[in-house]
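Student: Predicted coordinates and the sequence they were generated for:
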Amino acid sequence: ELLQEIKNDVDRTRREFEFFRRPATRGALLALLFVYARLNPGVRYVQGMNEIGAVLLWVMSVDHECAEADAFWCFSELLVEIKEGFMQALDHTGEGVHGLVAGVTNLLRMYDPELARHLQRCDLPPVVFLVRWCTVLFAQDATLPDLVRLWDSFIGDPRRFQFVIHICLALIMSRRDDLLLTDKQFELAEVLQAAPREADFEVVLRKASAICAFERRAQTPPFPPKPKPQVVEDFSEWAENAARVAQEAAFKASVTADNISRRLEETIAPAVVEKVGQAGDIVAVAASEAAQKAQDWLEETAPARKEALDQASRHLSSLWTSVRATGAAAASRGERLAEEYKESGAAEAAAARLSGFSGTASSFWARTTAAAAAFAAEPSAPAAAPAAAAAGGSQARLAQQQPVPEAPQAAAPAVAAVAAPAAGPAAAPKAAGVSQGPMLITADAIPEDEV
């Protein structure tokens with residue numbers, strides 16, 4: 001495709017010259033441009049390079065053996081300095097071709113404001129022709145002898161190819177009268193298009209050199225001074241250019257956004273939908289496989305799970321029976337212990353009361369014995385009574401210290417008749433003077449504190 005594009009342009013290059021109608025010349029020019037495009041993918045081939053290569057090949061053709069090689073290396077070195085004009089990315093910057101065009105337009109308003117206003121009123125800004133002149137260095141519009149003279153001036157300039165700005169300005173001003181005679185856009189375009197072929201480049205070069213020398217001098221203040229109307233006009237034009245650039249940028253941004261959106265809808269969105277569908281299918285398949293595996297596992301382990309459940313049920317039943325039996329035994333034992341505790345408490349209370357009754361009986365028995373002894377003793381032995389009483393008290397205490405065997409409560413009324421209470425010396429006369437019968441002592445006659 002690239003080769004065919006270059007071949008089409010080569011076939012249209014300088015067909016009025018017999019030299020460029022030769023097959024060898026066309027082949028050499030085709031090889032030169034194709035090899036450069038393949039070696040420089042950042043620049044590639046742009047229409048107009050064929051005109052520059054044709055001029056170099058024509059100049060180098062004096063040496064037929066090395067013409068093609070010399071033209072290729074000269075072409076490569078020349079493009080190093082002017083390739084910005086062929087790069088679309090630099091079109092709207094100060095380094096691209098539009099920077100050169102803006103320089104020519106500003107100088108035209110400064111040196112010939114009447115002509116600049118006339119072209120603007122006729123809606124024919126010279127930018128249409130200036131782009132081609134500045135990009136290919138007049139290679140499409142000037143004759144070969146004039147081109148060789150111009151290119152010598154361009155290459156010999158200290159600032160190299162900035163001199164093309166002043167050549168363009170001098171060329172437009174050389175056709176000033178013809179341009180001011182008409183206000184028709186078509187006639188103005190014809191005048192500007194024919195200017196490079198009809199101009200006297202010796203005169204043009206002298207005028208361009210004078211303007212270049214004048215502009216490059218250090219001038220304080222700048223000369224020529226700009227009148228106020230021109231300053232306002234320059235500012236208005238600058239504002240218009242800024243608005244146009246902003247509008248173009250907004251339009252490009254809108255187009256870019258539309259392209260991105262369309263690309264998203266056409267390429268990315270279907271891909272995302274497809275990926276989502278594939279992911280959904282994968283998830284569904286995985287879920288189905290997992291459910292099937294779970295079902296298979298349940299079927300395979302059903303007997304084992306049933307057996308385990310039965311064993312667990314039996315263990316629980318046995319445990320519950322054991323718990324119930326243990327609980328019943330514990331309750332029965334508790335009831336038995338409670339009954340034993342009650343019986344033990346009643347027996348202890350009865351033993352205590354019987355022990356008290358026995359002690360009381362022994363005390364009364366000792367006191368009765370002492371009284372009987374005193375009653376039988378002579379009156380002359382009053383001192384024996386206290387001794388006997390003392391002896392009776394000792395026996396009572398001994399009786400209290402010795403354990404008394406258990407006896408039923410009915411033993412208390414069986415206390416035999418005892419003598420009267422122990423009497424001291426005052427009781428002896430009474431016993432000696434009056435004979436009294438025996439006294440029956442029962443449990444009801446025992447003092448309450450002693451019981």
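Tutor: Here it is on my side, so go on.
Student: Which secondary structure element is home to residue 78?
Tutor: Assigned by DSSP states H and E, residue 78 belongs to helix 67-82.
Student: Can you name the element that comes right after that helix?
Tutor: Taking DSSP H and E, what comes next after helix 67-82 is helix 97-111.
Student: what's the helix holding residue 78 packed up against?
Tutor: helix 23-39, helix 49-60 (3 or more C-beta pairs under 8 Å, 6 or more residues apart in numbering; DSSP states H and E). Where C-beta positions appear, they are placed from N, C-alpha and C, glycine not excepted.
Student: Do a quick rundown of the strands in the stretch 251-400 of the chain.
Tutor: With strands called from DSSP state E, counting those that start in this stretch, the stretch 251-400 of the chain shows none.
Student: who touches residue 133 in this structure?
Tutor: Neighbouring residues of residue 133 by C-beta atoms under 8 Å, 6 or more residues apart in numbering: 141, 164, 168, 171, 196.
Student: Cross those against helices and list the overlap.
Tutor: Taking DSSP state H, the ones among the contacts of residue 133 that sit in helices are 164, 168, 171, 196.
Student: Tell me how far the third one lies from residue 263.
Tutor: Translated: residue 171. Computed as C-beta to C-beta, to the nearest Å, the residue 171 to residue 263 distance reads 46 Å.
Student: So for those two, which residue has more residues nearby?
Tutor: For residue 171 versus residue 263, neighbours defined as other C-beta atoms under 10 Å are more numerous around residue 171 (25 against 11).
Student: In this structure that one contacts residue 196, no?
Tutor: Yes - between residue 171 and residue 196 there is a contact under C-beta atoms under 8 Å: 6.6 Å.
Student: Please report phi then psi for residue 42.
Tutor: Recorded main-chain torsions at residue 42 are phi -70, psi -30, according to degrees, to the nearest 10.
Student: now do residue 157
Tutor: Per degrees, to the nearest 10, the backbone of residue 157 is at phi -70, psi 140.
Student: quick one: it from residue 205, how far?
Tutor: Residue 157 is 11 Å from residue 205, by C-beta to C-beta.
Student: Of the two, give the one with the bigger neighbour count.
Tutor: residue 205 (19 against 15).
Student: Please tell me how far the more buried one sits from residue 214.
Tutor: Residue 205 is 15 Å from residue 214, by C-beta to C-beta.
Student: now residue 148
Tutor: 26 Å.
Student: cool, and residue 158?
Tutor: The spacing between residue 158 and residue 214, counted by C-beta to C-beta, is 15 Å.
Student: Please say which of those two ends up with more neighbours.
Tutor: Counted by other C-beta under 10 Å, residue 158 and residue 214 do not tie: residue 214 has more neighbours, with 13 against 7.
Student: what's the weakest-modelled helix or strand in this structure?
Tutor: Ranked by mean pLDDT, DSSP states H and E, the weakest helix or strand in the chain is helix 427-433, scoring a mean of 38.
Student: tell me the contacts of the spatially closest residue to residue 37 that is not a sequence neighbour?
Tutor: Counting by C-beta to C-beta, 6 or more residues apart in numbering, residue 37 lies nearest to residue 45, which is 4.0 Å off, once chain neighbours are set aside. By C-beta under 8 Å, 6+ apart, residue 45 lies in contact with 2, 5-6, 33-34, 36-37.
Student: the helices in the stretch 201-350 of the chain, which residues?
Tutor: 201-215, 228-263, 269-300, 302-376 (DSSP state H, counting those that start in this stretch).
Student: Any regions of this structure where pLDDT drops low?
Tutor: 85, 87-96, 219-238, 264-265, 268-269, 272, 338, 341-451 (pLDDT under 70).
Student: rerun that using 50 as the cut-off
Tutor: 375-446, 448, 450-451 (pLDDT under 50).
Student: ok, back up a step: what residues does the helix holding residue 78 touch?
Tutor: 28, 31-32, 35-36, 40, 43, 49, 52-53, 56-57, 59-61, 63, 86, 135, 137, 160-161.
Student: ok, back up a step: show me which of the ones in helices among the contacts of residue 133 is closest to residue 179.
Tutor: Distance to residue 179 across these (C-beta to C-beta) is lowest for residue 171, with 11.5 Å.
Student: which residues sit in contact with that closest one?
Tutor: 133, 195-196, 199, 204.
Student: Out of the residues you listed, who's the most crowded?
Tutor: Neighbour tally across those (other C-beta under 10 Å): the maximum, 27 neighbours, falls on residue 133.
Student: Okay, that residue and residue 204: tell me how far apart.
Tutor: For residue 133, the distance to residue 204 - C-beta to C-beta - is 12 Å.
Student: List the buried residues in the helix or strand hosting residue 5.
Tutor: Here residue 5, judged by DSSP H and E, is contained in helix 2-11. Residues of helix 2-11 classed as buried by neighbour count (16 or more other C-beta atoms under 10 Å): 6-7, 9-10.
Student: Same question for stretch 105-121.
Tutor: Residues of stretch 105-121 classed as buried: 105, 107-113, 115-116, 118-119 (neighbour count, 16+ other C-beta under 10 Å).
Student: pretty sure residue 125 is touching residue 108, no?
Tutor: No - counting by C-beta under 8 Å, residue 125 stays clear of residue 108, with 10.0 Å between them.
Student: Torsion angles phi and psi at residue 161?
Tutor: Note on residue 161: backbone dihedrals following degrees, to the nearest 10 are phi -90, psi 10.
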